[in-house]
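Visitor: predicted model and sequence follow; I will ask about them next.
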Amino acid sequence: MLINRAGAMVMPFMSLYLTTSLSYSLTEAGWVMGAYGAGSITGAFIGGHLTDKYGYYHIQLYSLLLSSLFLILIVFLHDFYCIVFAVFCFSAVADALRPANSVAIAVYSTDENRTRSFSLMRFAINMGFSIGPAMGGIVAGAFGFRWIFVIDAVTCLVAALLLYLYLPYNHNAEKSSTSQVSEEGQSAYSDKEYLLFILLVSLYAIAFFQLFTSVPVYWGKEWAFSETKIGLLLALNGLIIVLIEMPFIRRIEHLSKNMTMIAVGSGFLILAFIAINIGWVSILPAIIFIVLMSLSEMFAMPFMTNYAVSRPSDARRGQYMALYSMAYGVAHVVAPMGSMYVAEHFGFSTLYTMLACLGFLVAAAFLGMRKK
């Protein structure tokens, strides 16, 4: 995952690539990013179903291989509808990995270290993400945006090769995680409390994903930041998570107060959007925004994942994690399409005021779940 995410340069710069290199409008860029979210929902649903039925190993392997093919294809596309379709397909195969990966972590961890296990995976992802956007900004500035698609495709292939060579298929390990699936445990779709949790996760993610959708465009168009500066700012997010999250989780994982921690993380969203919306065009408020968003991520996301993976029986875990991934997929649709539309018609200031209000509502709702 570290290697795969170190090459993940496409999504942070997709909106900027579409609006600059291909001269699409903000609304059109939002539709392309929305297609990514729709693919994410589709991939998560299919990935969760296939994981419960066939196991986690091959889903991860083929997801990485197919992702690389679609990334190379996108390089050669210019037609709007072709790009929308290709981005949808890429997202679908890429996000089929998410439920399978979560189930694999759950299988290899214990109840005592599960939160820390997911934090370790997030450590790898964010370490890679601290490399990817920084390198992506440099590559885009020096060689052009298309090379970031090529590099991302290569890292998908390398990750698939390492999975094949060093984590060989273990039939016995998967057999125990896929047995008696059809009858054992409550269905995720009839678990009302979990469905409310999924709705709140999706609303949280809509606000958080502005870090990769509207904010880079805002910095580029309104603040005249270069691609390199934007890439380094986004990389700071990954670096903060890498340096702080693991020791932080190690100290507080015994508290088992998932909803309280998530509510605190949602509170940091409010402060982040206030910081970016105060009208001070400088690198300092941009850094403050990144720091606050990183704190939000660090408090909220590990405990969201721990709640999602700990709630179901083993046989239903793929289904539950598919719904959890689909929550982020919905956010991938709404976040770019909604934010780009609001920004184009009402301005970025209105957008970030609305998102600060959304953060307040989400924090209050998670606190309400804790009391319930």
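Guide: Here it is on my side, so go on. Numbering: from 1, shown residues only.

Visitor: Val150: what's it in contact with?
Guide: 71-72, 75 (CB atoms under 8 Å, 6 or more residues apart in numbering). Quick note: C-beta positions are derived from backbone N, CA and C, even for glycine.

Visitor: also Tyr328?
Guide: So Tyr328 contacts 40, 44, 98, 201-202, 205 (CB under 8 Å, 6+ apart).

Visitor: SS state for it?
Guide: helix (DSSP: H, G, I helix; E, B strand; the rest coil).

Visitor: and it, what pLDDT?
Guide: With respect to pLDDT, Tyr328 scores 86.

Visitor: what does Ala38 give?
Guide: Predicted confidence (pLDDT) for Ala38: 86.

Visitor: okay, and it sits in which element?
Guide: Using DSSP states H and E, Ala38 maps to helix 26-54.

Visitor: for Phe299, same thing?
Guide: Per DSSP H and E: helix 283-310 holds Phe299.

Visitor: list the contacts of the one helix or strand Ala207 maps to.
Guide: Per DSSP H and E: Ala207 is located in helix 192-208. Outside of helix 192-208, the residues within contact range by CB under 8 Å, 6+ apart are 188-189, 262, 265-266, 269, 273, 293, 296-297, 300, 304, 307-308, 311, 320, 323-324, 326-328, 330-332, 334-335, 338, 355, 358-359, 361-362, 365-366, 369, 372.

Visitor: please pick the buried ones from the residues you listed.
Guide: Among the contacts of helix 192-208, those buried by neighbour count (16 or more other CB atoms under 10 Å) are 188, 262, 265-266, 269, 273, 293, 296-297, 300, 304, 307-308, 311, 320, 323-324, 326-328, 330-332, 334-335, 338, 355, 358-359, 362, 365-366, 369.

Visitor: what number of residues lie near Phe85?
Guide: Neighbours of Phe85 under the rule other CB atoms under 10 Å: 14.

Visitor: just confirm it contacts Ala35, I think it does.
Guide: Yes: the criterion here is CB atoms under 8 Å, and Phe85 meets it with Ala35 at 7.5 Å.

Visitor: returning to what we had before: orientation of the helix holding Phe299 relative to helix 192-208 in degrees?
Guide: With axes from the mean of the first three to the mean of the last three CA atoms, to 10 degrees defining the directions, helix 283-310 sits at 160 degrees from helix 192-208.

Visitor: list the helices and strands helix 283-310 packs on?
Guide: Packing partners of helix 283-310 (3 or more CB pairs under 8 Å, 6 or more residues apart in numbering; DSSP states H and E): helix 97-108, helix 114-143, helix 192-208, helix 227-252, helix 258-276, helix 317-346.

Visitor: need the ones you listed in JSON lines (columns: distance to Leu2).
Guide: Compiled in JSON lines, the helices and strands packed on helix 283-310 are given as follows (distance: least, CB to CB, whole Å):
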{"stretch": "helix 97-108", "distance to Leu2": "13"}
{"stretch": "helix 114-143", "distance to Leu2": "4"}
{"stretch": "helix 192-208", "distance to Leu2": "22"}
{"stretch": "helix 227-252", "distance to Leu2": "10"}
{"stretch": "helix 258-276", "distance to Leu2": "24"}
{"stretch": "helix 317-346", "distance to Leu2": "20"}
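
Visitor: and of the ones you listed, who's closest to His49?
Guide: When the helices and strands packed on helix 283-310 are compared by CB to CB, helix 317-346 sits nearest His49, at 6.8 Å.

Visitor: hang on, the earlier thing: which parts of the helix holding Phe299 are buried?
Guide: Buried residues in helix 283-310, counted by 16+ other CB under 10 Å: 285-286, 288-309.

Visitor: could you check the angle it makes with helix 97-108?
Guide: Going by the same axes, to 10 degrees, helix 283-310 makes 60 degrees with helix 97-108.

Visitor: closest to the centroid, which residue in the chain?
Guide: Tyr328 (6.7 Å; CA atoms, centre = their mean).

Visitor: from Met304, how far out is that residue?
Guide: 10 Å (CB to CB, to the nearest Å).

Visitor: send me stretch 233-247 as CSV with only the CA atoms.
Guide: Extracted in CSV, the C-alpha atoms of stretch 233-247 (Å, rounded to 0.1, in the frame of the first residue of the first chain):
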residue,chain,number,x,y,z
LEU,A,233,1.0,21.6,1.0
LEU,A,234,-1.0,18.4,0.3
ALA,A,235,2.1,16.3,1.1
LEU,A,236,2.2,18.1,4.5
ASN,A,237,-1.1,16.4,5.3
GLY,A,238,0.4,12.9,4.8
LEU,A,239,3.6,13.9,6.7
ILE,A,240,1.7,15.0,9.8
ILE,A,241,-0.3,11.8,9.8
VAL,A,242,2.9,9.7,9.4
LEU,A,243,4.7,11.5,12.3
ILE,A,244,1.8,11.7,14.8
GLU,A,245,-1.0,9.3,14.2
MET,A,246,0.6,6.0,15.2
PRO,A,247,1.9,7.1,18.6
